[in-house]
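S.K.: Have a look; sequence and predicted model below, questions after that.
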Amino acid sequence: MVGFTTRMSAAARPQKPGGLAGWLLNQLRRDPRPQPSLALLERITLAPRQSLALIEADGRRFLIATSAEGAPAFYPLDQKPTSHRRAAAPARVSW
């Protein structure tokens with residue numbers, strides 16, 4: 001049988017709902033909010049007014065040290081040291 005193809009009849013094909021019902025189903029199937037790009041992964045308290053927080057921002061991780069005495073310190077955790085001297089003292093980033 002050359003050229004034989006099977007086709008579903010119009011009655012046998014699944015129909016997508018239209019109108020208000022179709023719009024409502026599309027709205028319910030979608031993710032209502034985009035995934036956040038900033039997340040607090042873990043936080044520990046060191047003293048009454050000192051803490052460490054592990055933050056992920058756009059796929060990068062930072063260790064943030066906070067205290068009442070000064071500004072928070074940000075330590076990037078995803079950077080690789082370029083020399084042995086840098087490995088002993090990681091770079092401190094503060095804003």
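M.R.: Looks like it arrived, so ask away. Numbers count the residues shown, from 1 in each chain.

S.K.: start to end distance for stretch 62-77?
M.R.: Stretch 62-77 has its terminal residues 5 Å apart, counting by CA to CA, to the nearest Å.

S.K.: So which bits of it are buried?
M.R.: For stretch 62-77, a neighbour-count test (16 or more other CB atoms under 10 Å) marks Phe62, Ile64, Thr66, Phe74, Tyr75 as buried. (Glycine included, C-beta is placed from N, CA and C.)

S.K.: Put the alpha carbons of the lengthiest strand in the chain into CSV.
M.R.: Longest strand in the chain, counting residues (DSSP state E): strand 38-47. Taking Å, rounded to 0.1, in the frame of the first residue of the first chain, the C-alpha atoms of strand 38-47 are listed here in CSV:
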residue,chain,number,x,y,z
LEU,A,38,19.0,35.4,45.4
ALA,A,39,18.7,32.8,48.1
LEU,A,40,19.7,32.5,51.8
LEU,A,41,21.1,29.0,52.0
GLU,A,42,22.1,28.9,55.6
ARG,A,43,22.6,31.3,58.5
ILE,A,44,24.3,30.7,61.9
THR,A,45,24.6,33.0,64.9
LEU,A,46,28.1,33.2,66.4
ALA,A,47,27.3,35.7,69.2
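
S.K.: Okay, buried residues for it please.
M.R.: Neighbour-count burial for strand 38-47, counted by 16+ other CB under 10 Å, picks out no residue.

S.K.: Just checking: what are the partner strands of that strand?
M.R.: Partner strands and pairing direction for strand 38-47 (DSSP bridges) are strand 50-57 (antiparallel).

S.K.: what does the partner strand contact?
M.R.: Residues lying outside strand 50-57 but in contact with it, judged by CB atoms under 8 Å, 6 or more residues apart in numbering, are 37-46, 61-68, 77.
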